[in-house]
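>>> here's my sequence, what's the structure:
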Amino acid sequence: DYRTKKEREKNMLSDKNKIKEVICRKVYNSQGFATIEVEITLENGLKAWASAPRGSTKGNFETTYVESYINGIERTPNIDTAIANINNIVAPALKGKCFKSIEEFDKVLVSLDKTDRKKIIGGNCTLAASYAMLKLLSLIEKKPIYKLFNNISDSEVLPIFNMIDGSKHPKSCLNGVEILLIPKKDKWHNNITKLFDAVSLINSTLKELLIEENYIVEVSNQGALSILEDNMEKCLEYLKLALEKEGYSLGLEFSFGLDLAVSDYFDEQSKIYNIPWAPKFKHSTDLIRLYKSWINKYHIDYIEDAFADTDYEGWESFVNIFNNMVMISGDDLFATNINRLNSFYKIANMAVVKPNQIGTISETIDFIRKAKDLGIKMLISQRTGETDDVIITHLAYAFDLMYLKAGGIQRMERVAKFNELIRIKEWENNNE
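You can find the predicted model right below:
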């Protein structure tokens, strides 16, 4: 054999890392709804699997999930077509191939579906496969996932917490709203376990306060407290009081944030909003006036989806006034899509990263790197229908994003992502 011993060993290793099998199965997300799980097995016996999370609402510019709703959107979807797509289209394209990077792998996935928003294969299919391959690469390299991308040892990413969530009560005017607790970086960067202790106590105190006020307190899909209340300011007051009862000051150790998700309440033709929790505020100028009052009164540092994903005038007006005061965050606005980021980065100063909005890890990373180039701050976020995967935590750490938004602290699929951040920070501290 003309090849050197080193070349032969390299080729043997490559053969062992070839994909032997790709299978797809039906599993269930945190809402109890069906989703797909992709399992990839290599010739050397290594295998990994991952499933696709799902949002309760979808913006106009996210990837398409291949699924159907025979019994309505509030019930579990039929995912037979997605399973068939993996078994009949994706699996044959991957079997027998060896991939040295997630970029190589995702390039094949993207090539299988040339449509806008992955309408044929489905973003759920590509994401589950991409997640599974990323886990395999971690096993092959014998590195945790975050170290596949960067060798950063002191990422400053911090969690933010969903404390009051309107999503549990369809009759509530606050349905879809998240009231968030934002830790101050200078107070908590080096004290992450103390941060979780503090948030746990604040959460318990908040629950006690709400019960004292005769609310029926439930836990939402995202692990936050949920009550039947239509008044936003009342909820903010309760959270402020809980904070103070635990010895913290709003604006010093913590600030508040809001995820308002108003795209569903915007009429494209008339440019009018019909928002249940703000029925008198019809135009973006009205909403700006309302938001200003909350910002001043409650130390609101972060507002997500303050306007619809196509109300570009509203976004621009808001950022012109509050750019230096508030993190103005685009979720539906950007949809983790690099083309939309290039077009609209000037009308927000922060971007939400959700891998399932774009459909692969590589495209998510492209978005993150471009946002960094443009000077846009970022947080990475979970979805309502979550899985037990913790990949978003690794991405948050690897790319030193500002925040990890994984929900509240009362559902294990959320807490798992927070716990993984504790582990990673401990591993890195021990290696210093």
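>>> quick one: stretch 408-420 to chain centroid distance?
Distance, stretch centre to chain centre, for stretch 408-420: 13 Å (CA atoms, centre = their mean, to the nearest Å).
>>> only alpha carbons, please: show that stretch as PDB.
Taking C-alpha atoms only, stretch 408-420 is exported to PDB below (Å, rounded to 0.1, in the frame of the first residue of the first chain):
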ATOM      1  CA  GLY A 408     -39.300  29.600  34.800                       C
ATOM      2  CA  ILE A 409     -37.800  27.400  37.600                       C
ATOM      3  CA  GLN A 410     -40.700  25.000  38.200                       C
ATOM      4  CA  ARG A 411     -40.500  22.600  35.200                       C
ATOM      5  CA  MET A 412     -37.600  20.200  34.800                       C
ATOM      6  CA  GLU A 413     -37.200  20.700  31.000                       C
ATOM      7  CA  ARG A 414     -36.500  24.400  31.900                       C
ATOM      8  CA  VAL A 415     -34.400  23.800  35.000                       C
ATOM      9  CA  ALA A 416     -32.300  21.300  33.100                       C
ATOM     10  CA  LYS A 417     -31.000  24.100  30.900                       C
ATOM     11  CA  PHE A 418     -30.200  26.300  33.900                       C
ATOM     12  CA  ASN A 419     -28.500  23.400  35.600                       C
ATOM     13  CA  GLU A 420     -26.300  22.800  32.600                       C
END
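>>> helices and strands around the helix or strand containing residue 105, which ones?
For residue 105, the element it lies in under DSSP states H and E is helix 102-111. In this structure, helix 102-111 packs against helix 91-94, helix 123-141, helix 361-374, with contacts taken as 3 or more CB pairs under 8 Å, 6 or more residues apart in numbering; DSSP states H and E. Where C-beta positions appear, they are placed from N, C-alpha and C, glycine not excepted.
>>> any idea which of these is most buried?
Counting by mean count of other CB atoms under 10 Å, helix 123-141 has the highest mean neighbour count of the helices and strands packed on helix 102-111, with a mean of 24.
>>> now do it: which elements does it pack against?
Counting contacts by 3+ CB pairs under 8 Å, 6+ apart, helix 123-141 packs against strand 19-28, strand 34-42, strand 47-51, helix 80-85, helix 102-111, helix 355-358, helix 361-374, helix 391-398.
>>> mind putting these into a markdown table with distance to residue 384 and mean pLDDT?
Formatted as a markdown table, those follow (distance: least, CB to CB, whole Å; pLDDT from 0 to 100):
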| stretch | distance to residue 384 | mean pLDDT |
| --- | --- | --- |
| strand 19-28 | 14 | 98 |
| strand 34-42 | 12 | 98 |
| strand 47-51 | 14 | 98 |
| helix 80-85 | 19 | 98 |
| helix 102-111 | 24 | 98 |
| helix 355-358 | 11 | 98 |
| helix 361-374 | 19 | 98 |
| helix 391-398 | 14 | 98 |
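>>> as CSV, the ones you listed with distance to residue 162 would be great.
CSV is the format used below for these (distance: least, CB to CB, whole Å):
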stretch, distance to residue 162
strand 19-28, 22
strand 34-42, 21
strand 47-51, 22
helix 80-85, 28
helix 102-111, 29
helix 355-358, 18
helix 361-374, 22
helix 391-398, 15
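>>> nearest to residue 212, out of these?
Evaluated over the helices and strands packed on helix 123-141, closeness to residue 212 peaks at helix 391-398, with 35.0 Å, by CB to CB.
>>> what strands flank the next helix-or-strand element following the closest one, and is each parallel or antiparallel?
Remark: after helix 391-398, the chain's next helix or strand is strand 403-405, criterion DSSP H and E. Sheet pairing here is set by DSSP bridges, and for strand 403-405 it gives strand 158-165 (parallel), strand 377-381 (parallel).
>>> out of the ones you listed, which one sits most buried?
Counting by mean count of other CB under 10 Å, strand 158-165 has the highest mean neighbour count of the strands paired with strand 403-405, with a mean of 26.
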